[in-house]
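Student: return a 3D structure for these sequence lines:
(2 chains)
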Amino acid sequence: MSKLIIRNVSKQFPGTLALNDVSAAFESGQVNALVGKNGSGKSTLVKIISGAQPATSGQVFLDDQEMVFHSPEDAIEKGIATVYQELSLVPGLTVAENILLGRFPMKGPFIDWEQTFAQAEAHLKSMGVDINPRTPVHELAMWQCQIVEIVKAMSTNPKVILLDEPTSSLSRSETEILFNLIRELRKKDVVILYISHRLQELWEIADSCTVLRDGLLVGREMMADMSQQTLIRLMFGDVEIRQRPADLSFDERDVILRVNNLENGPRVRGVSFEVRKGEILGIAGMLGSGRTELLRALYGADKPTGGTVEFVGRTIRRAAPVKTKALGIGFTPEDRKVDGLVQILPVKDNLILASLKRQSVGPFISREKEKAAVDAQVRNLDIKVSAVGSAVSELSGGNQQKVVVGNWLNNQPTLMLFDEPSRGIDVQSKQHIFKIIWDMARQGISSIVVSSELEELLEVCHRVLIMRYGLIEGEIVPENTSIEELYSLCIGGDDL
Amino acid sequence: MKSAQMKNILRKNTITFILLIMVVLLAVFARGFLSVNNLLSILRSMAIIGVAAFGMTMVIIGGEIDLSIGSTIGLSAVLTAWVAKQLQGALGADWAVIIGMAVAILAAALVGLFNGFIRVRFNIPSFIITLAMLNVLYGLAAILSSGFPITISAQWFNVIGAGRIIKTGGFSGLPVASIWLVLIFLIVFVVMNRTRFGREVYAVGGNQEASRLSGVNIAKVKIITMVVSQVTAAISGIILASQVLSGSPQFGRGYETDVISAVIIGGASLSGGLGRTTGTLFGILFLGVILNGMTLLGVDDYVKYVVRGSLILLAVILNTIQTQKARHTL
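Tutor: Just a heads-up that it's a prediction; the model follows:
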């Protein structure tokens, strides 16, 4: 039997203590769930165990041997395997090649293909997986890739396997198949650490559960002895939800957006709702619930696969960004660094990218208009920048997000779609972004906000829709909903 | 602080300094290098590469590439000459060549439209599309001309590429070809720096997805840049045809290398979003000075290839180091 022991581990980041004196022990033969909301220190702990980051203080022991890693490769050699949620398989290679990548059986200077396929097949068989090792990975479905990933990790005979959100991109039935595989793992001598946002799954697959909150280990129990209510309470503690300003009102009858049965592939399966002028609508849901895909289909970032959208009295057909922008919709993407900004261009160019037409006279950009638009946003949004001509990549996360928002405000939208507007920015900037959303609402600009931070949705929005598996499963009003209630609606719990 | 600043300036302008050093060395060692006539002849000799290079600048900043322009130069020369020959009887030599030029430019625009359409419709890298078109266009030019040069009989046509204006005693005149070079430079400069479209080209090249999500019509931007590069290449082809009063499919073979080199030496990044029109002008001058200097020094033709290739490689290495450093310090 193997045992992973974490002793007094702390991790200090500039400005925050991500892990505060955490101690825990995990044994093989069971699935150990690691739970915590964003910013709880859960990911940091995973990184320390997998060797991706060193701890500031404290130790990690595996079978009484202290683990000190010089690199993630070193960690693998010492028996720690990690399966990340972003898959790391090479699509052009076969399943066998992917499993044995970097350690092919050799015959002199050449790869022994017979052995390669035989060994890969043996690894797959030993886990009870029925996938042909000769299949190229790009022909596999997502869940099969996830399984190959786990087989690959297990083929190094690890002592510890970390499963980071393995089900986040899988459907219910695919998840079932993956669970069978994980149950197989339980029979082997390996410590299983299971990280998932889908709390509901834990009762199905996990044996024990370790809860982190604000860098502290706040609870450790067997799943059988824990109710959903207790778990959520452990995760959130006593949160005080701030109220949005009282003057934010809107006219119930003034509907500007009507969404009917909108579809976006398998991720959004027929969603209908309405938004009124000046209303702030939140969309809550777990990772993979389809909340991001809903916004993308609405804006036309992904081509919707079904349904209709009516906006200010006009029906949007074949939505595409050029079209929806012209109608007055703006969209700030989830990953602002990659999709929201042109990093190599200066702040000022990024602030007028969406509104170039407004800043131009005929084909020419008007310097006066451009300067006025840029200065207005820098001033109103309080963007901290030494010179508007400096590269946008020099700015902090919060200021970058303000640039993304400012880019849209310059185009004077009537409806803003915010995907994770507060991700990766500090508390002050967060409050500032909320204030911008409220100020916009006062001017009659409606917003739809998608966020994985439920307390933020409760603070910012008039109304919150709950999404699960691509469908809207409920609607709440922040005034009479607690965060525990909202969370359990998101995970689809029945016992609350 | 002072020396750090100097170092920074030196690092940022390494290639400029190399050019300056070359100019000084050539001024000392190559007789006649610094004369006005020689400097103007550098401009004239670089007109064909240069005109096409400004179109290429737009394509490269937009994150694409056009390898087919060498053949476009040949095809447009052949088309001008062929159309002129066909229409000569009916319209007279003068009008025939004018229509020939128009046809050549229109054909190039259609090729660019086709390249761009394939690029955005099937999402195939422009590298591959234009590599294929390099062969297709060369073949078309060869078929049209049966592989032989077609002569152009309108003598005035020679002025476009080889003419000189404002001749005085010791001054051999301003080469007309260099006027086209400057004209195209000015147009591309204004488009890239002053217009909405130019800004969109930078944005699309810098981050296609962010531009798309900002509601920029990226298909339009890509297609237009690919049309522009074909049209400028066609103008280069016409200048070349004018200089020798004929059109041959052999014209322009391999010119894409020099054109792309000039753009890259000028500091544009092949990954898009980075580059300056003035940089390309500089790249053209850099290439011109090297070639001219080596000719004046009587360097062997084969040695010229080695030197020129090595300098291009050096320039690109220096540029890459700079942009990497710039990105790190960002």
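Student: pull the CA atoms of the helix or strand bottoming out on mean pLDDT in chain A into CSV?
Tutor: Of all the helices and strands that make up chain A, helix A:72-77 has the lowest average by mean pLDDT, DSSP states H and E, namely a mean of 82. What follows is helix A:72-77 as a C-alpha-only set of coordinates in CSV (Å, rounded to 0.1, in the frame of the first residue of the first chain):
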residue,chain,number,x,y,z
PRO,A,72,8.0,17.8,-13.6
GLU,A,73,10.0,15.1,-15.4
ASP,A,74,11.8,14.4,-12.1
ALA,A,75,8.4,14.0,-10.5
ILE,A,76,7.3,11.5,-13.1
GLU,A,77,10.4,9.5,-12.5
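Student: which residues in chain B form strands?
Tutor: For chain B, applying DSSP state E gives strands covering B:150-151, B:164-165, B:174-175, B:246-247.
Student: ok, now the stretch 51-200 of chain A?
Tutor: Assigned strands in the stretch 51-200 of chain A, in chain order: A:57-62, A:65-66, A:80-83, A:106-107, A:110-111, A:160-164, A:191-195 (criterion: DSSP state E, counting those that start in this stretch).
Student: ok, which of the ones you listed comes nearest chain B?
Tutor: strand A:160-164 (25.1 Å; Cβ to the nearest Cβ). (C-beta placed from N, C-alpha, C; glycine too.)
Student: in its sheet, what does the closest one sit against?
Tutor: The partner list of strand A:160-164 in its sheet, established with DSSP bridges, is strand A:80-83 (parallel), strand A:191-195 (parallel).
Student: between these, which gets the lowest average pLDDT?
Tutor: Across the strands paired with strand A:160-164, strand A:80-83 has the smallest mean pLDDT, namely a mean of 88.
Student: residue of chain A closest to chain B, please.
Tutor: For chain A, the residue closest to chain B is residue A:325, as judged by Cβ to the nearest Cβ, at 3.1 Å.
Student: wait, doesn't that residue sit right on residue A:353?
Tutor: No - counting by Cβ atoms under 8 Å, residue A:325 stays clear of residue A:353, with 10.8 Å between them.
Student: which of those two has more neighbours?
Tutor: Set side by side, residue A:325 and residue A:353 show more neighbours around residue A:353, with 29 against 23, by other Cβ atoms under 10 Å in any protein chain shown.
Student: surely the more buried one is in contact with residue B:207?
Tutor: No - here residue A:353 lies out of contact with residue B:207, judged by Cβ under 8 Å, at a distance of 9.5 Å.
Student: any shared contact partners between these two?
Tutor: A shared contact of residue A:353 and residue B:207, defined by Cβ atoms under 8 Å, 6 or more residues apart in numbering or on different chains, is any residue touching both; here these are residue A:342.
Student: just to revisit the earlier point, from residue B:202, how far out is the residue of chain A closest to chain B?
Tutor: In this view, residue A:325 and residue B:202 are 19 Å apart by Cβ to Cβ, to the nearest Å.
Student: neighbours of residue A:84, how many?
Tutor: Neighbours of residue A:84 under the rule other Cβ under 10 Å: 16.
Student: and it, what does it touch?
Tutor: Going by Cβ under 8 Å, 6+ apart, residue A:84 touches residue A:164.
Student: next one: residue B:113
Tutor: When contacts are counted by Cβ under 8 Å, 6+ apart, residue B:113 touches B:223, B:226, B:227.
Student: recalculate using a threshold of 6 Å.
Tutor: When the contact criterion is Cβ atoms under 6 Å, 6 or more residues apart in numbering or on different chains, the partners of residue B:113 are residue B:227.
Student: which phi and psi values does residue A:159 adopt?
Tutor: Note on residue A:159: its backbone torsions stand at phi -90, psi -20 [degrees, to the nearest 10].
Student: with adjacent residues omitted, what lies nearest to it?
Tutor: Residue nearest to residue A:159 in three dimensions, not counting chain neighbours: residue A:79, with 3.6 Å by Cβ to Cβ, 6 or more residues apart in numbering or on different chains.
Student: re the thing from before, what does the least confident helix or strand of chain A contact?
Tutor: Counting contacts by Cβ under 6 Å, 6+ apart, the residues outside helix A:72-77 that touch it are A:50, A:51, A:52, A:69.
Student: which of the residues you listed has the most neighbours?
Tutor: Counting neighbours by other Cβ under 10 Å, residue A:51 comes out on top of the contacts of helix A:72-77 with 22 neighbours.
Student: tell me the secondary structure for residue A:465?
Tutor: When the structure is reduced to helix, strand and coil (DSSP: H, G, I helix; E, B strand; the rest coil), residue A:465 reads as strand.
Student: what about it, distance to residue A:11?
Tutor: Distance, residue A:465 to residue A:11, by Cβ to Cβ: 36 Å.
Student: same check, this time on residue A:487
Tutor: For residue A:487 relative to residue A:11 (Cβ to Cβ), the value is 26 Å.
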